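Engineer: need the 3D shape of this:
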Amino acid sequence: HRPLGFDYRGVETLQVKAEDWLSVAVAPYAYGFNYLRSQCAYDSAPGGPLVSVYHLTQVRDQPDQSEEVCTKIFVPRKEPKIPSVYWVWKSSDLQERESYDMLGIIYEG
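Structural biologist: Prediction:
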């Protein structure tokens, strides 16, 4: 993976290769990122790659002290396949299905 910088709220964004995503996703979960805040996908540019975005959050007793990280997985338009993280965050099921319906990204597993 490689860092893409921070967004306007100070949340770090990481780029992860599709083939590494499932093994990389287990690490934040092990470090307490136990809540998938949202998953979405978008078309980066005409003819460019498709992007699947995951916003991961550490849910704690004091919600004002939660931490968040964002991951982006870029996939080629001709073969848009990403491992599903359903086995890590059950809430990804409906969200990944919506990304499939909207952009045709196939979430395997």
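Engineer: Gly47 looks like it's in a helix, true?
Structural biologist: No: if the criterion is DSSP: H, G, I helix; E, B strand; the rest coil, then Gly47 is coil and not within a helix.
Engineer: for the closest residue to it other than its chain neighbours, give me the pLDDT.
Structural biologist: Excluding the flanking residues, the one nearest Gly47 by C-beta to C-beta, 6 or more residues apart in numbering is Arg77, at 7.1 Å. Backbone N, C-alpha and C define where each C-beta goes, glycine included. pLDDT, Arg77: 96.
Engineer: also Asn34?
Structural biologist: pLDDT, read off for Asn34, is 92.
Engineer: find the nearest non-adjacent residue to it, please.
Structural biologist: Asn34 sits nearest to Val59 (C-beta to C-beta, 6+ apart), 5.8 Å away.
Engineer: hang on, that neighbour packs against Tyr29?
Structural biologist: No: Val59 sits out of contact with Tyr29 when judged by C-beta atoms under 8 Å, with a separation of 11.9 Å.
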